[in-house]
Each structure stands twice: as structure tokens, then as C-alpha cells.
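In: my questions are about this predicted structure, shown below with the sequence.
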Amino acid sequence: MRYFAKCSYDGTNFIGWQVQPEGRSIQEEIERVISTILNKDTRIFGSGRTDAGVHAFEQTFHFDSDKSIVDLEKFRYSCNRMLPKDIYITFIALVDDNFHARYDVVSKTYLYRLNTGLYDVFDRQYTAQFLRDLDVNKMAECAPLFIGKHCFQNFTTKEEDKNDFERTIYAFEIYTSDDLILFHINGTGFMRYMVRIIVGTLIEVGLGRLTKDDIVDLLEKKERSISPYKAPPEGLYLMNVEYGKHEDA
């Protein structure tokens, strides 16, 4: 039987979602707890990876169990009692055996938070502290350039793979709230560091170091030339993972 779950986590003290040889990962913590409760080594499969220091309001995963979990709410409660306080399972349900938490994803939404005001000691692990004035209008003018289907080879450190750098961005908004600049982006999927490189590159636009034409050039270049600008991880949140037919697909 296959079970689908949603979780949220504070990524501050993790090396990322995926299990790695050294360091604490979200996947490893959840697998440890589920394996203990089911009394069997159990692997979970996430919708994708998040990097060290990146947070999630809604990450999704699935796992298989030979025996039926009769009371799913009790199971979720037990998991949360055993999980560390920086991970919390918010939802669990029985799904079709053919469902896959990664391959059935239709779109993902990310939020990036950037503080341009006074340094906030209490929020430093949850909002990138940039502390410089930026031309948000120029940045917002560039956001629509990313919308649609593009080759994002210059906005990821993903290994060379000419057949798989293409992604579709459905929506990209940049807006302000007091001293915060908020980047809200939704698309079919995002490669390694893709959101952070897009945000870092737009920060350079806000500083007047890059122009709209530079963004177009990075998107249209035939040869690979990765943008060197990468925003810090602490400002990034995985907000939502959608399944089923996307209304714009």
C-alpha cells in the first residue's frame, strides 16, 4: 500500500532534504521515525530536493507499507511526537499504488524573502538580509521574461544535460511589504539552485549592474554560461506542490 504525506520544516539546521553521507537531512529524520513505527526499514520519496538552509511550508512525499495503517491520524500524531521540532507532518492519505510524489508533480511554488531594511537578528535564518536599496521596478520589469517555456541552463548548476534544461514558468511576481521584497514563482519544476540564481541575478538588476537585455541574453544563449549570482538559502521557501492537471497546461 502506498501513502502520500505533506510536511513542513525549518531547514536551518539541515544539510537539505536528501540523505547524504555526512550531516542531518529531513529525509533521514522522517525515514527513521516511520521505520520505527512500522517496525520495518522504510524509504520515502519526496517531490524533489531542497538545499541546506532552505525551508518548506509544504513538501510532499510518499512511502510504501506492506501492512495497512488503520488510523492515519493516529499515525501522523505518532510521527510528529517522535520527529524533531523543526519537522512536522501536516497530512497523510492512502493513494493509488501508481502515484509518485516526484513524477506526478504538475507545478511547484516557491517564495523568496529579501530584507533591504535594518538587519533583523531574529529573522536572519528565515529572511535573506541584503540591507541595500534596490530598484524593485526594474526587477519587476524583468520577471515576465522568465514566464513561459525556456532553456534555463544558465540559471542552474545542474550537470550538463542538453535535453533536460527546459522548464515552464507559469507565474512570477515581485512585490514589497515594508522593507521586504518578496519573489513568488510557480512553474513545472526547478533545478538545482535555479530559484536562488534567478533571484540573485535580479538583485544585480536592482543594483543597476545588469539590464533587461542581460537577462534575455542569459535565457537565449546557445552555449552554457551560468549566471554567477546566487541568493542565500535562508530566504527560500517551498510553498506548495501541485498534482493533477494544471489549469494552464
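Out: Alright, I've got the coordinates. Being a predicted model, the structure only gives us computed values, none of them experimental.

In: the closest residue to residue 206 other than its chain neighbours: which element?
Out: Once flanking residues are discounted, residue 206 sits nearest to residue 134: 3.2 Å by Cβ to Cβ, 6 or more residues apart in numbering. Bear in mind the C-beta positions are built from the backbone N, C-alpha and C, glycine included. Following DSSP states H and E, one finds residue 134 outside all helices and strands.

In: can you check the pLDDT for residue 134?
Out: The confidence metric pLDDT takes the value 96 at residue 134.

In: could you chop this structure up by domain?
Out: As given by automatic domain parsing, the domain ranges for the chain are 2-95, 107-243.

In: residue 149 against residue 166, yeah?
Out: Yes: the criterion here is Cβ atoms under 8 Å, and residue 149 meets it with residue 166 at 6.3 Å.

In: what's the residue nearest to residue 206 in contact with, if anything?
Out: Each residue near residue 134 by Cβ atoms under 8 Å, 6 or more residues apart in numbering is listed here: 116, 181, 203, 206-207.

In: okay, the domains of the chain in a markdown table with distance to residue 101 next?
Out: As requested, the domains of the chain are exported to a markdown table (distance: least, Cβ to Cβ, whole Å):
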| stretch | distance to residue 101 |
| --- | --- |
| domain 2-95 | 4 |
| domain 107-243 | 8 |
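
In: where does this structure have low pLDDT?
Out: 160-163, 245-249 (pLDDT under 70).

In: could you pull out the helices in it for me?
Out: 26-38, 72-82, 136-142, 194-206, 212-220 (DSSP state H).

In: next, the buried residues of the shortest one.
Out: Neighbour-count burial for helix 136-142, with 16 or more other Cβ atoms under 10 Å as criterion, is recorded at 136, 138-140, 142.

In: so what touches that helix?
Out: Against helix 136-142 from outside (Cβ under 8 Å, 6+ apart): 174-176, 181, 202-203, 205-206, 208, 212, 215.

In: repeat that for the fourth one.
Out: The set of residues that contact helix 194-206 without belonging to it, under Cβ under 8 Å, 6+ apart, is 110, 112, 114, 130, 134-136, 138-139, 142-143, 146, 152, 155-158, 167, 174, 183, 185, 210-212, 214-215, 218, 226-227, 229-233, 235-236.

In: narrow these to just the buried residues.
Out: By 16+ other Cβ under 10 Å, the contacts of helix 194-206 give 110, 112, 114, 130, 134, 136, 138-139, 142-143, 146, 152, 155-156, 167, 174, 183, 185, 210, 215, 218, 227, 229-233, 235-236 as buried.

In: which residues does residue 126 contact?
Out: 10, 12, 55, 113, 234-235.

In: now tabulate these in JSON lines and tack on distance to residue 244.
Out: Formatted as JSON lines, the contacts of residue 126 follow (distance: Cβ to Cβ, whole Å):
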{"residue": "10", "distance to residue 244": "28"}
{"residue": "12", "distance to residue 244": "32"}
{"residue": "55", "distance to residue 244": "25"}
{"residue": "113", "distance to residue 244": "28"}
{"residue": "234", "distance to residue 244": "31"}
{"residue": "235", "distance to residue 244": "29"}
